[in-house]
Structure formats: C-alpha cells, structure tokens
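Student: Okay, here's the prediction I keep looking at, along with the sequence it came from:
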Amino acid sequence: MLSFTIRNPFLTLAATLALALGGLWAWRNVPVDAIPDLSDNQVIVWAEWPGKSPQDMDAQVTSRLARELQGLPGVQTVRGMSLYGASYLYVIFEEKRDLYDCRTRVLERLSQVQGLLPAGVNPRLGPDATAMGQVFAFTLQGPRDLETKRFLLDQIVVPALRAVPGVAEVAPAGGIAREYQIDVDPTRIEEQGITLDQLMTAVRQAGRDVGAMSVEQSGVETMIRGVGFIRSVADVENIVIRGDRTKGAGLRLGDIADVRLGGQFRQGLLADGYQEHVGAIIGMRVHEDPKTVIDAVKKRLEDLRPTLVREQLGVAVFYDRSQLIRETTATVTSTLQEAVITTIFVVVAFLLHVRASLAVAVSLPLGMLFTFLVMHLLGLGANIMSLAGIAIAIGVMVDFGIIMTENITQHLVDLQETCRREGRPMPTSPFDPEITETVVRAAREVARPLLTSAATTVIGFLPIFALTDQAGRLFEPLALTKSLAISGAVLFGTLLVPVLCRLLLPPWHVRKPLLLSLAGLGGGVAFGWFFRDGWALPMEYGRWTLTIPGWLFAPLFGGLVALTIWRIGRERLVNYEENPMSRGIHVAYEWAYSRIQRHKVAFTLTIAAMAFGGYLLGAGWPTLSWPLRKLFSVAGADFSRTTLDQEMSRRFPGVGSSFLPPLDEGSLLFMPSIPATGGLGETQRIMLTQNRLIESIPEVASVMGKMGRAETALDPAPLGMIETVVLLKPYAEWPVHEFTDPDGETTLRPRTLAEVRQALSAISDIPGVAPSWLQPIETRVVMLSTGIRSLIALQVLGDDSDALEAFAEAAEKVIQPTPGAEDVQMQREGGKPYAEIRLDAAKLARFGLSNEQVMASVETALGGMAVTYSVEGALRYPVRIRYLRERRDDADELLQVQVAAMDGGHGAIPLTNLLAIPTVHELEFNPGGPDAHAFLATLPLASQRNYVALSERRAELTVAANDALPRSLRDALASQQVRKVGERPSELGLTYTIGPMAIRSEGGKRTQYVLLNARGRGEVEVVQDADARLRAALADGRLELPAGATYRWVGRYEQKIKADRTLRWIISASMLVMVVLIYLGTRSWLITAIIILANASVTTAGGFFLVWLWGAEMTTAVVVGFLVLLGVMFNDGILLGTYLQEQFKTHPGTVDEVHRRVFLAGLRRRRPAIMTNATTLLSLIPVLWSTGRGSELMQPMVLPVIGGMIFDVVSLFSVPVFFTWYWELKLAREQRNVVATVGSVPQSPPIA
Amino acid sequence: MRSTGLIVGVAGLLLGAGLIALLPESALFSVAAPHDSAAETAGERWACPMMDFIGRKPGDCPVCGMKMTKVTSGELTREQQRRMDVQLTTLVEGPARAVVRAYGAVRYDDRTLQVVIPRVGGRIVKRHEVARHMGADAQVGDPVIDLYSPEAFAAQGELAAAVKLGDQPTVRALAERFQRWNLADVAAAVLAGGSPVDTVTIRSPFAGRVVLGIEGEAGGMEARLPQVGQEVMADAVLLRLVDPHAYMVVVHVPETRAHWVRAGLPVRLSSDDRGDLPEMGATITWVAPELNLAIRAREVHLHLSDPAGRLLPGSLVNARIESVLAADLSVADPAKPGTVGAFVLIPKTAVISTGVRNVAWRVAGRQRDGRIRFELAPLALGPRIEDESGNDLFVVRAGLKAGDEVATQGVFLIDSQAQLAGTPSLLFPQGAVAPAPAHSH
C-alpha cells in the first residue's frame, strides 16, 4: 500500500485532490450551529382545556396521560406540568432512540387514551423541535393596533413561514387574538324579559353557510349557496332575538347588548420598554441546519415585505441565532487559521527548509477537509465543539508529517552521503528509482511507530465517548473530530507526505531565468495585492485597526514571496542537524543537562515542588490533605479543627468546579419572577418598567420581554412569568466608560461583559422581584432537560402539594445563606388566590336548579365559553357572550350573576343565594390567654390567611362552609381562653382559598423546586454545602420532610456528577491502558515508572497551575484538556524511553558510559520532541488570546495542555536524570557486591 | 550508616512530638467555628451593591468582594421607589358616602292618576278627541264623549217641568244633581229655555294625559278607551288621566345593597339616551319593605317632576343612590347629620387581598435620605363603597387609623419583597413558614 502510493504519485495526488474536493464540498454544506444540541430525547404532549384550574388539569388530564405514557418502551420519565387551562407532558426517552419512532409510539398510545380524558380535551404532540431549536424571533412593527397585527400575523406571516423547509413551528406570541364579544348587562336583559339562555340560543343559531344544489337554466348551471356565517360585528348585532309577525320589528342583539371585536383571554404578551408587540418565534426541526433555516426564514420574510409594507408593517428581529453561529464559527475559524499559521511557522523555523515545510504543512488542511467529509457522512454538524476538536488536534496533526519528513530527509541525506562517497552525483529527479526506493524504505521505517502513536492519542481520548447526557452530547463531537483529524493526519502523513517528499525533497534544478521570472511574477502579484490597501489587523473587536500602509507592507510582502519562490526553486537537501535551530537546541540542551546531572537532588526537589505546588493550587488543600484527614480520623481526631487545615484550606481552596463554562451568547435572558398573586396588569407594569431600565444601559441593543407563553408546547410558562431577551450590541460598539482605579487613576475603557451584567442586574433590581440572569440557549436547555430554569435545584417529590410547598419554603431559608448560592428561591407557583363557587345543595333544591345550570350561567357570565365561531377566510374566531366589564371584573359583582330560574319565566336568582357561604366566627379573647395577634401563630397557614384581628381582644375567623374549626381554636375554646361571641355568614359569599398556579409532577409524584444558581464557587461545592445544611436542619428538627416525600438535587449539577463518575472510571481504565502502552513501548518498568511519577505528575501539575493562574474552573472542558495533555505527554515519554531502552540493550559497565548513552539518547530525541511539543503548544496559544464568542468554551480545554506542555520541559531531563541516577546507584551496588563477593561472576545486564 | 539514619529518625520524631506538645493549643487548633445562624437575625438582609447577591450576614460579598450593605425588608430607597412607581396616600377619617348603583324604569307618577267618569249611565254615541288616543293631553273641560243618556234626558224633562212649574226647590235640587253629574251646562241650557236633549257631552273635569293604565296598578293594563255604542254604567271609568310631567322611577336595588337605602336619600339619574341628568333632583320616596322574590332585589320608588320632558315613561334609567353610612354601618338619615358615622376609608388600590385576608402597607418610618420603611397592616375591612367620583373605597374596621400613610401603587411589589425576604406578607401572615424557634432569636 505504502510503496504503491509512493510509486504512483499521480494516482495518489489525484485521489488526494478528489478527497480534498469532497471535503471542500462537505465543508460548505455541513450544518452549522453554535453548540451541539444538548436537549433530551423528548416528546412533548400537550392538551388544552380552557378555563380549567391547575388542579382539574392535573387530576383529569395530566396524571391520567402520565400514567398511560409511562408504560411506553424506552421511556425514562414522564414529567407533567398543569397550568391554568393547559397541560404539558414531557415524555423523555432513552438517549439512543430515534425521535420519530418515539413520536409514533406516543401518538399510537394517545389514540388509545382518548376515552380516558374529559370530553373536548384533545392531547396533541408538540412540534418535532427541541428547545434549542428556537432560533429566530421577530415582531411586527408598525402603526397598527395589536389586534390587527395579530390578525395579519395569523393570516399572512405564520402560514408563509410554516411552509419554509426546516421550520417545525411558528409560535405566535403576544398581541390579541380576535374575538367577537357580546357584552350584556344582566339587569338590562332582565328588564327586556330575556334570559342569557335565550341569548345564547339565538347566537348559536346565527350562522352557518349552506351549500344548496344548483339550478340549470337554459343550459347554464348556477350554483346556489346560502351565506350565513358571522363575518362582521354587524352580522352579530343583527342577530334577531325575538320577533313578532304582527308587530313587525323584532329585537336585535345589537339593541340590548354591546357587540365588539376584542381580544381573547391572553396567555402571554410581548412588550419592550414602552409598548406591547406582536411577534412570532420560529422553532426549527431537529437535525436541521439552523443557519440555512434562518436564512430561508429571512428570505421568506423578505418576500412578504411588500405585503407587509402595504399594511404599514415591518419586521423587527429580536432574537437571531445566526449571529451567534456566525460569531462562534468566526472565532473558531480564526483560531484555526491562527493555529495553522503558527504551526507552519514553527515547522519552517525548525526545518528551515521551505519545500519540506510545504510537505509537512499540506497534511493540515487536507486532514481538516477529511474530517469534514467524514463528519458530513456521519451527519455531524459543525459547531464550536466539533471545530474546537480540530483546533486542539492541529498541533498533533503536523507531528506525523514532521516525523515522516524528517526520517525521509535523513535517509536522503544518507543517500547523498553514499553518492558522495561513491563519487557519483546525487540523483535529483523524483522519478529516479533510487530515490523512490529510499523514500519507500524511510517511510516504511516510521509508518508503524506513527500508527502506534496515533492509536495512543486516540485511545487517550476514548473516555470522552463514555460520557452520557449533556456532557456526552457536548463533548462527543469534539472527541470525534479530534480523532478524525488525527486519523486524517496519519492517513495523509503516511500516504501522501512520502509522495510529496519524493517530489519535493530531492534538490530541484530549475533554470535560473524561469525561476527568476516565476519569483518576479509571484512577488509582483503579492505586491499588487497589498499595495493599495496595505494590511489591516482589527484589534479589540474591531474598535480600532492596526494598519500597515501598502507602500510599506506591499514591497516587504512581495519581496518575501519572491524570495520564497526563489528559495523553493534553489533549495538543496540539507541535514537538519546542521541548521542553526538545531545547533541552538543542542547547545542549550547540553548546558542544562550537564548542570542538572550535577544537582540531581535539587532537580528532584524542584520537580516535587512544582508538582506539589501545581496540585495545591489547582486541586486545593482540601483534596490534597485527604491522607492526613484519614490519618487523623483513624487516630480519632478531627483534622478540620486544626489551624493548619483551616489556614491552608482558606489559602488554597483549589479551583472551583462546574459542568461547563457558559458560552457567551451575545444576548441575555432576564427572568424575574414574582409571586403568583400578581395579576396581568401588575406583571405587565413591572415588565415594562424593568425593560425601560434595562434599555437605559448603553451596551444593550434591544429589549423584548415576553410574559406568559407563546402559543407553543415548547414554552410552558404561566402568565406571571417574564422572560426578557436582552440583546447586547456588538463589542465594537460598546461605549467607553471612565473607571477609577483603587489608586485614584482614572482609565477610559469599555466595560467587560461581567461588568455589564452587574450593571444590568443593578439597574433592573426592583424590590419584590426575584431576578435571574441567564442566556437564551442555556436557559432553554436547562428548562427543558430538567424541567427547571436554574442551574441547580432542590427537587422535592411527594403527594401533598401544600406540604411540599411549605417544606420548599423552609428549605429555601436554610439554603439561602450557603456561600456561592445565588438567586436562591423556591419555584413560586403556589399562592394564587382562588375564589371558589361552592354551591349549597339545600339552596339549589329550594330553587329547583341543578349544579350544571348554575355553573353554565357563571361560565357564560364571565365569558368562559365560546358560543359559536365566526368564519373569516381560513381562520375562525370565537363569539363569546359575557357580562359587561364592570359587572365581571369584580368579585362582588360575581355574586350578582343571575341564574335563570327553573320555570324559564321572568326571573332569575343571583348566585349569592345559591352559595354555601363561609361562616365568620367572631372571637373574643379572655384576658388570661393569648391576645388576638399572638393567637395567629398557633393557626395553620390556611387559617392564618382567614384570620383578622380586630383589636387586642377581638378577632374574626372565616371558615369555609362544612369545614371544621382549626384544632388550636377548638382547644382554646375548650380551655376558655377564647369565647365565641357570634357567628355570621361571610359577606363575601365565595369561598376564598390559596391554590397553586401550576402543578408539577414527575413520575406521578408532585414536585416542588428550590432553585439556585452558583456564582463565585463551583456548582458541586455549593450543592454539597447546601445539602449539608439541609441535612443539619433536618437532623435538628428545623426542617421536617413531609410524609412520603423525598428530595434530591437536580439541574446541570446532575450532569457534572454523572460525568465525573463516568470520567473517573474511564480515566482510570485509560490510565491503565496507557501504562500498558508505555511499558509495551519502552519494555522497561523503570522508565514507565519515571514517566508516570515524574513526567505525568509534573505535567498535570502544570496544567493545574495554569488553570489556577487563569482563574478558570474545573469544568468538564478542562478535564478534556487534561486528557489531551496526557496523550501528548505519554507520546513524548514513549519516544524518548524507546530510544533510551535501545541504547541500554547491553550493560553499560561504567558510569561514564551510562552518561554518554543517556546523553546521546536525549540529544537524538530532543529535536523532534521539542519540535512536536512546540507545535502543539504554539498552535494552542492563539486560543488563549482569542476573545470572540465561543472562546470561553475553548479556553478551558487548552489551559491544561499549555500549562502542562510548559512544565513538560522538565520531562526532557527527568527521564535521563532519573535513569542515570538509577544506573549510578545500581553500578555502585554492583561495585560493592563485587567487592563483597570477590571473584563472583558478573551479573548479566538486568533490565528493570 | 544504618545506625546514623536511625538516630536521626528518632531525634526528629522526639523533636516533632516535643514541639507539638509544647506549642499552645490555640496555635494548632481553632476554637469551634461559630455557627452560621448565630450571626443571622430574622428579616435582616445584607446585599451587595453591585451584584444581586443577598446574604443574611454582614461582610464582604462572596461574589465580588464588595462590602455588603444592610437592607431591611420593606425599606425602599428613593431610587427603588421611583422604579416601583410607589405612590402614597394619607388616610382620612370621614363620612362613608356610598353610591348604590341600580337600574330602573320610568313610569307616570301614579299619585297623579285621575279618572274621568260619567255620573250617569248611557250609551256612547260619539268620542271626542281626547277619547280617541291614549297619550292625548286633556284640559279641564275638554269634551270626552257624547253620551246618549235616558237618565239625563229624564232629568232634563223633570227640570224643564219644574222650571215651568216654578218649583224652585225642585229646580235647585235638579240643578244640583246636574252639577253633581258634571252636567251643569246641560242644566243651564234647560234653564235658559232649551229643550231637553237625550245626548249629553261628558267633559273632563281635570287636565292630564290619557293613559290606559299604570303598571303595578291592579287591572290597569286591561283598561280600554271608550268605544262608540258602548253602554256605560254610571261611575264607570271612561278615561284615566295622569300628570304628564310627574314621574315615578321604580328602581331595583340589588340584595347586597338592599340595606343601604332609605327614604329621603338623594338619587342621581342618568338615562341611556340623554346621559347624566344632574339637574333632575330626586329623592327616594318609598322603599319596599320586602325583597322581590323573583329577582332578589328591593324596590325603591322615586318621584320627580320633569317639565322639560327629558324622560319618557318606560325609559330605563341608571340610578345612583347616594347614601351615607351611620356609625353602625346602617344607612344614616340624611336629614339628621348627627347620625352620620365617621370612618377611616382606604382606597381599594391600597388593599391587596386574597379575598378574606386584606392587607395594606403602611409607611412606618422615613429616613432623611428619602428611604421609606413599610410595614404590613392586616386589615379588617367593612363594606366597599364607591364615592361620588367613582373611586372605590373600603371602610376600615381595624388595622389602620386616620393619618396613616399607605402605598396605593407598587403595593404588590412591596408585598412581594416581603414574601421573598420571608417577613410577614399577604400570603404568609407569620412571614416565611418558620419552623425553628432557634431561628427567631
């Protein structure tokens, strides 16, 4: 194979070209997203049942569905959420199942459960989009009212966008959906002698289109069609309620009621700081390319523009993922470019041979294209993680080419030597058989080690594939692309590079005039290219540009190009040992080596100090002191009580750990939460105020707040929930602020993102509103994957929701003081006041009414029921009858709802006469007992809310009809502390209770959450700390877990723990494999031990050190970085160890001989080792400086690698030094043994 | 070699042990760390000025290291008040003027009803103008019908005979009878020498508008206008007349407000077509002693006169009855100002309510820098009243007194903050569900 490719260069080149073209095509067509889709494999089922309370929804819809769906094969869990009039179920399937298969199964089961559900409830499947698929959102802007905008959105925009390929759903948000409202004044229709029932019947009979047949007249067929649908307000007004043939004019609806076009009950609204808006959110189908979809949506919106312009409307985008995608890919791409350029520079600098460098460098782009090709075949998208995989592979990718090229060069140099010795000219043509033979021989020699080395690197990365859930979804693309890139590099390094070497390395004899003209041409083109514009390097996000003028840069660059071409043509074969770079390394190495050999103990101490220091800073004292702690506990003491421990723990806490560094998405999501008691108006007022405040921050580009939910299953938000998307301006446009340093100096600079976030949270702080600042993608992922919206949550599962709520409320107080725990708050859903209409059976009997009649009257009076529908084009709008606003917006008026009396005659009974009215107990406190205010504390919470203290001695307690008095009151009454002085029916009539706003359930259990975010500390530590507090509180009775309840910690933290556990296993396993590999490579336990003990510890310590220095956290990304580091480091060790072992196949005999051999080995390996290390290191350094979006995900990965590689310099010496030391001691012992046992047979050279 | 190592080892061990034994304990061991909750006090919060971190202990912000400042829940800085748009109002004590809204219909004032009757029997031979249509306005003396009356004819004959006879007592008596019959003109004609006629004209003795009947009056609806050829008995009703400008408004007051009306209360009316009718002064003249069973409302009558004719009988009018509550929450007599009670009234917007539990947030203290501290005031509320300008007010029975300042806007947020901070709030009268006595110290 190898010799075939080398012998058929044109075939190889053609194949390479084909592969490259394929890769190029794949690169252009690969789906691009910002980060991999992290959401669970879930199917959403939702059902609507207008006007029903969460309790009803939960009992009759959610729990029934959950029970049915739980049994499906592959279901992990079913999460339920019941809101006012809507029920959501999240059926979470096992990871590997096909989504569409799962959907089919759910659908299948849904068709069977129809009988279980109340009439009129139709469970539906949510869109085949994930939460991360909400890629685009816009509003319609223009001088039209909300209702018209919404009408146009529904009529024109939504249908058009739905047809865009890749769009799963278009969810309208905000605005007012049209509805015909018939507002009646009950007194007035009463005066007319009409009941609501009659009115409803009249409206219901109002409209229907009929298709009659056709008549034929003189051969012309005429179709007959009865037009009767309600199409306008006038149509409704003209509905005849009562007519009299003799008297003529009848009574029209318009005569006795007010008919108008109005808005339906609203489930959500959109608003910026000043007014409401109408918009839509685009959900993308899974596995689609967001960029393509967004572009197509934009294109379609552009097509719609003339239509919208005619309606005086325009489209304003308030969320657009493509910008983030563009920016992250730009960041990664520029990082890739920088890495490639840096690497090529390193290669050129080390080889000092342009043509050889060319041969090496070519495997970089080709390897990347190969990666893209395979990615495309596997259906893998390009995103920051997969591109980062390539980025961290670049340094390693060139290694194969370097080693191959070097070896071939070496052989060609040998050939040159041979030729010179034989006195014949060196063959220069690449087609010379001798050269071909040499190249084949050289390539064969290194092919196997190269493959082994690549295998080690890939094996070192295998643990990543074992990650599950979010971590797996996030890092698998990275591991895959990195492995692919390395495989590609090996492929090209072994197959293509020898061919290129065969073509490029032999000295060319290009004729001077030709070369001169080529160089001139190249130089001229390069000159012309840059002459006008010069060369510009944008700095600080494009705030200013470093420009080198054309007159300066163009001649330099042109000259350089010309020189390069000239050099390419004239380059001879050189021995790398002789170039100045090598010589420099040689000298430096010798200098350092001799000194280190002399101070072995100092060197060992230095290494130990470096290792210990790195670990102390990175892993922290609490981790490092684990043996001491154990020792103390074995001795029966508590180590944590020593000053030493406390001091050290304080000084060296180690870096925090968390799951992932958050990606800077360029936009923020502000989610304030207010108690559920908040009404639509108040919540809206708060939202507008906060939006206005946020807008006043100069870095903010736009603000759009969403209250409640958009009409999609992906957005299960109750009405009181606000989500404000805050779009930040591009960095370049951030204004400059004046800052005063601690020393009094003022500096002008733009604020950092963290400062802007601080400013935002400061400005948006309104007392009474619990804030939460996250980012859109982040939130969506977290929200849908765990059902909560903060990073960490305490989940309490149980049966009694009141008890759960009480527990959560108390737990919140316990967790709140945990350091690093931020935004601690229980999920405030409970506590929505309910006015319950409880009917008294006896009173119903008095009037001969049925429960149903009364409830229907209530429903109608409040407009709960659509009587009929109007038909306008493809859409239909409900027609509702309800009381006038002033008669319906007031609980007092509710009591006056007229229920038609049974006889249907002239007469109706107000609701108040049918209610089971709560009783007000008037209490008087005797001087001996507690006073009225103190007594409050003894009551259960529900009764506390119904207790009114009138004075020190008098109070009133309202108790719902048929409910018993609370126990403490009964006791107090029995013990004569309290006297009941009176009892009267409550003037309120209705029974007021506090009920939940939303009911959550998981696996059939009701759930309650306490949410928190970790800031300033790692999530895991915060959770541990909070958990300890919780346990302590439970233990000393401050907290009491309700009967049958359990609690656990969920959230992103879950993934971290899971990933950690998996990683720990896999890392141990792969370490073992590594050890075996090292041993197989070196065949010496001594060297293996040195590599593991000295190199590995120092290198990883270096990694820890840089992570600490950079102020980063131990995230999974950092762990991935460590894996990369280990792979590279072991490779180095193996290379040197193998060579060393080669040297010591025979017993050295004397110490001097040991020194000589070790020095030789080190010298022989140092250049490739330094060179490969340098490429790896330098190719990653640009990542540290990259500042674009997405860099914060990549930086943590490269930190350990860079830190480790820097510390790894000592490993150049550690193996030789310790190896020599071992031999010195060994020889000395042998000497003594020889002295002791004179005449004994010298031992055969032992191999440790 | 080996022994040296041993000695060094033992010496080191002794040295170390001695060092540890001799060092003061405090250098090695710290006193048990103070428990977190010791420094906490309920309701006291320490907030970082930069971040949204809120802690329970004073110190540096664990996030950014800045010194945290104390926030008392319920205390708002001027800036916060601006953001929350907090607005305050001072409670005053005063009469509770409630407006009761009711809906009613206009009728003719049945007190002005008068009937035209023939005092003699007979057959109607002609109807005059006023008897042809209902709604005609009759003046005094307008002819109503011509009646063929044998009785009158006979009486005329007798009168003529008596005149002829000169029987003055009989003439006087007969003239008097004609007078009583309202037929004095007939008698005069006979006295003047005319011959008796068998047909007499009945004239209206009153002015008024012809109506068939008045709703509510028994049998009123069955009344008919006189017909030609109809035999009428003496004293049968021919026409009903009412004062066209005197109206009665029948208003139904809902049961919940039924106790808030009494005779003498002023009422303001507005009609659907004319809108407000401020100059139409009316007072309640009668209040039904019982509720209407069918519509659960109490009937109230108002009498008024409307010479300008803005109301039509049968118009539906809105009535706003302005009542004033007495000290015992019953309605006060407007004629006796002494009975009017004085109450503390609170605007409805200042009250947040779960239905049963009502609370307001009272200003408990003001700092010089504009900070205001609010405290929860659980209220016992009396009836809700609507004042003349349409504002909703509650009568405060307990919880606040006159002069207290309460928030009327931003109340919800103030309450929400208290709920977040775990101090007493609307939903949690005791603050957070505090299970720990250890927590409250």
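Tutor: Everything's here; your move.
Student: How many residues are close by A:R692?
Tutor: Using other Cβ atoms under 10 Å in any protein chain shown as the criterion, A:R692 is surrounded by 16 other residues. C-beta here means a position set from N, CA and C on the backbone, and glycine is covered the same way.
Student: Same check on B:E176?
Tutor: For B:E176, the count of nearby residues is 12 (other Cβ under 10 Å).
Student: With A:H376 instead?
Tutor: Neighbours of A:H376 (other Cβ under 10 Å): 20.
Student: what's near enough to touch it?
Tutor: Under the criterion of Cβ atoms under 8 Å, 6 or more residues apart in numbering or on different chains, the contact list for A:H376 reads A:26, A:29-30.
Student: Can you check what pLDDT the model gives it?
Tutor: pLDDT for A:H376: 86.
Student: now it: how far from chain B?
Tutor: Remark: distance between A:H376 and chain B (Cβ to the nearest Cβ, to the nearest Å) = 44 Å.
Student: That residue: which element?
Tutor: helix A:363-378 (DSSP states H and E).
Student: elements contacting the helix or strand just after that helix?
Tutor: Heading C-terminal from helix A:363-378, the first helix or strand you meet, by DSSP H and E, is helix A:384-422. Applying 3 or more Cβ pairs under 8 Å, 6 or more residues apart in numbering or on different chains; DSSP states H and E, one finds that helix A:384-422 contacts helix A:321-351, helix A:354-361, helix A:363-378, helix A:433-461, helix A:469-504, helix A:1116-1143, helix A:1151-1185, helix A:1191-1207.
Student: Kindly recompute the last result at 6 Å.
Tutor: Judged by 3 or more Cβ pairs under 6 Å, 6 or more residues apart in numbering or on different chains; DSSP states H and E, the packing partners of helix A:384-422 are helix A:321-351, helix A:354-361, helix A:363-378, helix A:433-461, helix A:469-504, helix A:1151-1185.
Student: between that helix and helix A:1191-1207, what angle do the directions make?
Tutor: Counting by axes from the mean of the first three to the mean of the last three Cα atoms, to 10 degrees, helix A:384-422 points 40 degrees away from the direction of helix A:1191-1207.
Student: Could you give me the buried positions within helix A:384-422?
Tutor: Buried residues in helix A:384-422, counted by 16 or more other Cβ atoms under 10 Å in any protein chain shown: A:384-413, A:415-416.
Student: Now do the helix holding A:H376: distance to the chain's middle.
Tutor: Its chain's average C-alpha position is 26 Å from that of helix A:363-378, according to Cα atoms, centre = their mean, to the nearest Å.
Student: Quick one: the helices in the stretch 301-441 of chain B, in order.
Tutor: With DSSP state H, counting those that start in this stretch as the criterion, the stretch 301-441 of chain B has helices at B:411-421.
Student: in chain A, which residue is closest to the centre?
Tutor: Nearest to the mean C-alpha position of chain A, counting by Cα atoms, centre = their mean, stands A:E778 at 4.1 Å.
Student: Is it in a helix, a strand, or coil?
Tutor: Three-state assignment for A:E778 (DSSP: H, G, I helix; E, B strand; the rest coil): helix.
Student: One more: A:V317?
Tutor: strand.
Student: Would you mind measuring from it to A:L495?
Tutor: The spacing between A:V317 and A:L495, counted by Cβ to Cβ, to the nearest Å, is 48 Å.
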